[in-house]
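Chemist: quick one, fold the following:
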Amino acid sequence: MRRRFLLSSFFSLLVAPLAFAVDPSGRRKGHRPRLAKPRIAPVDTAKMAAEQQKILAPYERSGRIYNVFTTMANHPDLARDWLTFATHILRNSTLPARDREILILRIGWLCDSEYEFAQHARIAKNIGMNDDDLRHIAAGPQATGLSEHERYLLTAADELHADSFLTDGTWNALAKTYDTRQMMDVVFTVGQYTMVSMALNSFGVQLDEGLPGFSELPTG
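Modeler: Now for the predicted structure:
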């Protein structure tokens, strides 16, 4: 009896955070508070080492010296290798840009990564997505107004987040229109931005100036 009670109590502790985060429709009940200041401060661009300058130079030239990059520059070897992978996912993926952003935004939402969601809400707007798209992504697969394909994309992100696995139903539905490379890019896109969300949340990467937080985004 005592063993059963302990197991039940342990299971309750495991599921409690999920119950806080998502209601049965897939919509957030609230966001966990994140760090109000960085644990790892972004590098000072006026005092960078040569290796850091080399990593950040392309972003400086394009006017994209964002906090995520200056934070990662604290570890140049890691930053260099990570950016190679990140560039594939964001720039060289076989997925259509809209599909890619649906996956990225959904996993950012599920991971409570305010920085990721805000940055990619901006990117999504630049490729023609709108406020209704953001609301649908936040609400999840049960949202009204989704195409069948979009519903399965959101389901894919949810399944990978919850169980690190795509069910046969989701896999087969997406594979009707996706080839093998695209199916692989689906999984690695969600995986990449899960990892990024962990880093952003744990390092305390703060929103860049002018970037709206959850409370200012049209996700209600």
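
Chemist: in this structure, which helix or strand is least confident?
Modeler: Of all the helices and strands that make up the chain, helix 2-21 has the lowest average by mean pLDDT, DSSP states H and E, namely a mean of 39.

Chemist: after it, which helix or strand is next?
Modeler: Next helix or strand after helix 2-21 toward the C-terminus (DSSP states H and E): helix 50-61.

Chemist: other SSEs contacting that following helix?
Modeler: Helices and strands touching helix 50-61, by 3 or more CB pairs under 8 Å, 6 or more residues apart in numbering; DSSP states H and E, are helix 67-72, helix 76-87. C-beta: built from backbone N, CA, C; applies to glycine.

Chemist: relative to helix 76-87, how tilted is that helix?
Modeler: 30 degrees (axes from the mean of the first three to the mean of the last three CA atoms, to 10 degrees).

Chemist: need the winner for burial among the helices and strands packed on helix 50-61.
Modeler: Across the helices and strands packed on helix 50-61, averaging neighbours per residue (mean count of other CB atoms under 10 Å) puts helix 67-72 on top, at a mean of 22.

Chemist: could I get the average pLDDT for it?
Modeler: Helix 67-72 shows an average pLDDT of 97 in the prediction.

Chemist: domain parsing for this structure?
Modeler: Annotated domains of the chain cover 48-92, 96-216 [automatic domain parsing].

Chemist: list the contacts for Trp82?
Modeler: Contacts of Trp82 were listed using CB atoms under 8 Å, 6 or more residues apart in numbering, and they are Met72.

Chemist: then the one 4 residues further on?
Modeler: Under the criterion of CB under 8 Å, 6+ apart, the neighbours of Ala86 are Gln192, Val196.

Chemist: do you know how far it is from Phe69?
Modeler: Going from Ala86 to Phe69 by CB to CB, to the nearest Å gives 10 Å.

Chemist: do the same with Met184
Modeler: Distance from Met184 to Phe69, by CB to CB: 26 Å.

Chemist: state which helix of this protein is the longest.
Modeler: For the chain, the helix with the greatest residue count under DSSP state H is helix 180-203.

Chemist: Glu209 in helix, strand or coil?
Modeler: Assigned by DSSP: H, G, I helix; E, B strand; the rest coil, the conformation of Glu209 is coil.

Chemist: separation between it and Ile102?
Modeler: Glu209 is 27 Å from Ile102, by CB to CB.

Chemist: and the two? which has more neighbours close in?
Modeler: Comparing Glu209 with Ile102 by other CB atoms under 10 Å, the one with more neighbours is Ile102, at 26 against 6.
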